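Asker: fold the following for me, if possible:
(one chain, ligands or ions: 1)
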Amino acid sequence: MTNFNIIPDRRKITNITKWTWFPKDVLPMWVADMDFPAPKPILDSLDKLLKHGVLGYELPGKVLYETVAKRMNDLYGWKVSSEAVIAIPGVVSGLNIAASIFCTDKKGVAMQVPVYNEFHAVKDNNSVPQVDIPFRKKVKGNIISYEIDWILFEKQIKKSKIFMLCNPHNPLGINFSRRDLARMAEICLRHKVIIVADEIHSELLLDKNKFTPIAKLSKEIEKNTISLIAPSKAFNVPGFFCAFAIIPNKELRDVFQKEVQRLRLHVGSPGLHAAQVAFSGKCDSWLKELNRYLTVNRDFLVDYVTENMPNVRLTIPDATYLGWLDFTETKIEKPFEFFLENAKVALSDGKIFGKGGEGHLRINLGTSRATLKEGLERMSKAMKSIK
Ligand SMILES: Cc1ncc(COP(=O)(O)O)c(C=O)c1O
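Answerer: Numbering: from 1, shown residues only. Okay, here's the model as predicted:
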């Protein structure tokens, strides 16, 4: 059993972004990595690599690609060939590669907003237009949820060349249903829009949620999809920069692969080793315990906010370790600045996630319950001091 209540002091290692970006008296609950050590089988494998001592060039091998393909079959019954898998340094690199090769200055990237800030950077990185597809927000008591406005979805999809799907969704925590995925995919097919699915959070499932990769829904959808996955979120190894594009359609894969080759987008050997162990199944019991711990953290957040933060609304995420807090019904106009100054807690400012993010904050629940509780207590105290 892993004791997730104990977290190491991350400030002891310099350059750890989350804990050194803000002054020492600030509790960081922003960037999306967790405060837990990676699972032991991964650490053991890296230990072995370092003890060997020779750190030469290493390219992703057949065994790793077969391991990734097998995991898709084991988890979802999605049969992909190992040849469809390409190692890349990050999911974000994958999004940008896809935009650079498939978009034009007339037809760019569509995305459901608010969404992960790096989605918004794709347009400038690649000089392509961005088309926003805002969700429809629903409120019940202090709980908010988000739905797809299908008429708007189709209207916006028509204007784009690729649809960057974020599933599970950061920052809203939605694990899209098969039904919604099928409808999105069908609209994309009808308008010849390629789906680029960021599925980086797919193994971080709360409660008993089950994940469906959009490409698994049918052969036709698979042919139209680039799926991006990584061990970085679920197994907490984001600093190693290792991800995979799964592209069963050879035509799409060849152009994508060519660009990866041209830019020499190599993954370092620690990332390859970590991915091999993570996707081999050796860390699955750890992951199960983690998801259970994160589910309790999520419940703790919902209960705490409901009981102690009047007029603050929030989502109940199905997946990810990210919570989404809505301050638009409070007197706090700039919640990020307010809590940084008055509570000494750093969250992610909702406005970086685009339209619909103003007045919201994303909170990182990937920490010990005690740290989460301390952060929430600091926030609640700061709110009580408002006259
Ligand atoms: C939805 C999503 N995609 C991608 C990333 C980053 O991926 P990578 O580090 O593999 O580029 C994150 C990190 O927070 C994320 O939340």
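
Asker: verify the contact between F279 and T67 for me.
Answerer: Yes: in this structure, F279 is within contact of T67 by Cβ atoms under 8 Å, at 4.9 Å. Any C-beta I mention is one placed from the backbone N, CA and C, and that applies to glycine too.

Asker: those two - which one has more neighbours?
Answerer: When neighbours are counted by other Cβ atoms under 10 Å, F279 and T67 differ, and F279 comes out ahead with 26 against 19.

Asker: residues contacting D47?
Answerer: Applying Cβ atoms under 8 Å, 6 or more residues apart in numbering, one finds that D47 lies in contact with no residue.

Asker: I should have written P60 there, sorry.
Answerer: 87, 267, 272.

Asker: just give the nearest non-adjacent residue to the first one, would you?
Answerer: Distances taken as Cβ to Cβ, 6 or more residues apart in numbering place P60 nearest to A87, at 4.1 Å, with adjacent residues excluded.

Asker: tell me the SS of the one you found?
Answerer: Assigned state for P60: coil (three-state reduction, DSSP: H, G, I helix; E, B strand; the rest coil).

Asker: phi, psi for it please.
Answerer: When quoted as degrees, to the nearest 10, the phi and psi of P60 stand at phi -60, psi 130.

Asker: returning to that earlier point: which ones among the contacts of P60 are found in strands?
Answerer: Among those, the ones falling in strands (DSSP state E) are A87.

Asker: tell me the one of the contacts of P60 nearest K384?
Answerer: V267 (47.9 Å; Cβ to Cβ).

Asker: surely the closest one touches I88?
Answerer: Yes: in this structure V267 lies within contact range of I88 using Cβ under 8 Å: 7.1 Å.

Asker: how many neighbours does K250 have?
Answerer: The local packing count at K250 equals 11, with neighbours defined by other Cβ under 10 Å.

Asker: please apply the same query to T320.
Answerer: Burial of T320 is recorded as 30 neighbouring residues (other Cβ under 10 Å).

Asker: shouldn't N170 be in contact with H201?
Answerer: Yes: N170 sits in contact with H201 when judged by Cβ under 8 Å, with a separation of 6.4 Å.

Asker: between those two, what contacts are shared?
Answerer: When contacts are counted by Cβ under 8 Å, 6+ apart, the set common to N170 and H201 consists of T320.

Asker: count of neighbours near the residue in the stretch 51-200 of the chain that the ligand sits nearest to?
Answerer: Using Cβ to the nearest ligand atom, the point where the stretch 51-200 of the chain gets nearest to the ligand is G90, with a distance of 2.6 Å. Other residues near G90 come to 21 when the count uses other Cβ under 10 Å.

Asker: looking at this, A110 is in a strand?
Answerer: Yes: the assignment for A110, made by three-state DSSP, places it in a strand.

Asker: beta-bridge partners for it, please?
Answerer: When bridges are taken as DSSP bridges, the partners of A110 come out as V131, F163.

Asker: touching, it and I133? I think so.
Answerer: Yes: with contact defined as Cβ under 8 Å, A110 and I133 form a contacting pair (5.9 Å).

Asker: which of the two has more neighbours?
Answerer: Remark: of A110 and I133, A110 carries more neighbours, 26 against 21, as counted by other Cβ under 10 Å.
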